[in-house]
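Visitor: just the structure for this:
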Amino acid sequence: MSEVIKFTNLTDIATHFRKDLTGDHRPLKELVLFFAHNGTGKTRLSMEFKETGKEYNDEREVTKRDTLYFNAFTEDLFSWHNDLINDRERYLKLNTDSAFFDGLRELELDAKIESFFQNYVDLKFNIDYENATVRFSRSVIVDGAEQTIENIKISRGEETLFIWCFFLAICQLVIDKDPSYNWVKYIYIDDPISSLDENNAIAIACDLANLLTTEGSEIKTVISTHHSLFFNVLFNEFGRKVKNKRYFLHFKEPNDYALQDTGDTPFFHHIATISELKQVVESDKIFTYHFNALRSILEKTASFFGYDKIDKCIHGLEDEVLFERALQLFSHGKYSIFDPQEMIGDNKDLFKRIFNGFITKYEFHFPEIFNEPTPAATA
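Guide: Take a look at the predicted model:
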């Protein structure tokens with residue numbers, strides 16, 4: 001049976017990861033890789049991990065830090081100037097108030113970024129270190145002649161790739177022990193593949209694994225993702241190259257988290273999700289965000305069997321209109337993942353009908369995944 005450790009807050013999970021990497025857990029690990037669904041608290045956990053590595057003086061100024069991180073906040077350090085008046089001067093602005101850009105001018109990252117960026121897209125960029133901006137261009141063939149289009153607004157996916165390559169270039173400096181980043185002891189990466197297709201997700205996983213397994217690297221790493229393909233590629237790429245720990249992070253309700261060791265084989269997270277939803281149904285503690293997890297399972301099953309509609313995965317569902325309305329309402333409705341709302345009676349009944357119809361059709365056998373959980377060690 002896989003070990004399951006219960007937690008009541010994200011700070012204790014961050015502390016647990018640090019113990020995996022450098023603390024009193026034996027054997028010590030070089031990398032922690034974990035899977036968690038959206039809404040679990042992955043980004044907040046990355047921030048808790050970063051905060052536990054900071055030291056402050058009496059004026060509450062940061063005197064020491066140890067974590068270089070990539071998450072949604074990192075992406076927010078890059079913002080677009082779209083020149084709404086003239087629609088000409090479009091460029092990406094860098095928020096140089098962040099320590100992320102320490103030594104930007106002196107390090108001249110262009111070549112390092114380009115070495116990664118060219119693996120993904122056919123774009124050129126120019127970093128203006130004086131004004132902390134980035135402009136993009138693309139070469140095209142018009143009437144047999146090559147032309148360059150300047151100041152282009154790149155796509156969301158291309159922007160994600162550029163920011164990711166910027167981060168990889170800094171990681172390279174960390175691994176090469178550049179003095180500008182000698183404060184980095186940990187690298188924490190949270191879901192770097194938003195807005196990307198599966199081909200780029202695989203490419204990013206492979207490039208990341210190659211970088212982090214560089215011979216002589218002393219950096220410890222945590223990687224989180226909600227993307228099953230990205231998780232499994234990393235799982236296989238790291239393999240025996242580094243001493244790593246793999247988890248599935250469960251979130252049931254506020255102050256109720258669990259880390260499950262995924263064992264020695266790639267983790268089929270959808271099975272654990274189904275088991276978790278079964279526990280949710282039995283406890284009658286069903287929240288609106290659980291419809292997201294259920295919809296994801298149904299869509300994957302429909303795709304596997306070649307069904308054109310997900311309701312074909314459910315046994316004995318009579319009210320198709322009600323079913324479709326419920327999925328749209330709860331999968332795309334405006335509710336807060338930071339303030340989860342419990343469903344009311346009729347919606348709970350509908351959720352149970354859909355879930356039970358699904359497991360009846362495919363006759364799932366449920367192991368006792370959460371039996372006798374191991375209490376978390378105190379921080």
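Visitor: ok, then the element right after whatever helix or strand residue 111 lives in?
Guide: Using DSSP states H and E, residue 111 maps to helix 110-117. Using DSSP H and E, the helix or strand that directly follows helix 110-117 along the chain is strand 124-128.
Visitor: for this protein, which segments count as helices?
Guide: Here the chain has its helices, by DSSP state H, at 10-21, 42-51, 72-75, 104-107, 110-117, 156-175, 198-212, 228-238, 269-283, 290-305, 320-332, 345-362.
Visitor: show me what the fourth one is in contact with.
Guide: Pointing back at helix 104-107 there. Helix 104-107 is contacted by residues 94, 96, 129, 130, 132, 173, 178, 180 when judged by Cβ atoms under 8 Å, 6 or more residues apart in numbering. (C-beta placed from N, C-alpha, C; glycine too.)
Visitor: okay, now the fifth one: neighbour count?
Guide: Residues near residue 132, counting by other Cβ atoms under 10 Å, number 16.
Visitor: show me what the residue nearest to it when sequence neighbours are not counted is bridged to.
Guide: Ranked by Cβ to Cβ, 6 or more residues apart in numbering and with sequence neighbours excluded, the top spatial neighbour of residue 132 is residue 94, at 4.2 Å. Taking DSSP bridges as the rule, residue 94 bridges to residue 78.
Visitor: distance check, residue 94 against residue 344.
Guide: 47 Å (Cβ to Cβ, to the nearest Å).
Visitor: settle it for me: which of these two has more neighbours?
Guide: Neighbour totals were compared for residue 94 and residue 344, and residue 94 leads with 21 against 10 (other Cβ under 10 Å).
Visitor: so how far is residue 279 from that one?
Guide: According to Cβ to Cβ, residue 94 stands 46 Å off from residue 279.
Visitor: repeat that for residue 19.
Guide: Using Cβ to Cβ, we find residue 19 at a distance of 27 Å from residue 279.
Visitor: look up how far residue 190 lies from the residue nearest to residue 186 when sequence neighbours are not counted.
Guide: In space, and not counting its chain neighbours, residue 186 is closest to residue 67: 4.6 Å by Cβ to Cβ, 6+ apart. Using Cβ to Cβ, one gets 12 Å for the distance from residue 67 to residue 190.
Visitor: returning to that earlier point: just checking, the residue nearest to residue 132 touches residue 76?
Guide: No. Here residue 94 lies out of contact with residue 76, judged by Cβ atoms under 8 Å, at a distance of 11.4 Å.
Visitor: between these two, which contacts overlap?
Guide: In terms of Cβ under 8 Å, 6+ apart, residue 94 and residue 76 are not both contacted by any residue.
Visitor: just the C-alpha atoms of stretch 130-141, please, in CSV.
Guide: Extracted in CSV, the C-alpha atoms of stretch 130-141 (Å, rounded to 0.1, in the frame of the first residue of the first chain):
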residue,chain,number,x,y,z
GLU,A,130,18.7,49.8,-20.5
ASN,A,131,14.9,49.9,-20.6
ALA,A,132,14.1,46.3,-19.5
THR,A,133,12.1,45.5,-22.5
VAL,A,134,12.0,42.6,-25.1
ARG,A,135,10.9,43.0,-28.7
PHE,A,136,10.1,40.1,-31.0
SER,A,137,10.4,39.6,-34.7
ARG,A,138,9.7,36.9,-37.3
SER,A,139,11.1,36.3,-40.8
VAL,A,140,8.6,35.5,-43.5
ILE,A,141,8.8,34.8,-47.2
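Visitor: wait, residue 126 sits on residue 135?
Guide: Yes. Residue 126 lies in contact with residue 135 (Cβ under 8 Å); the separation is 5.2 Å.
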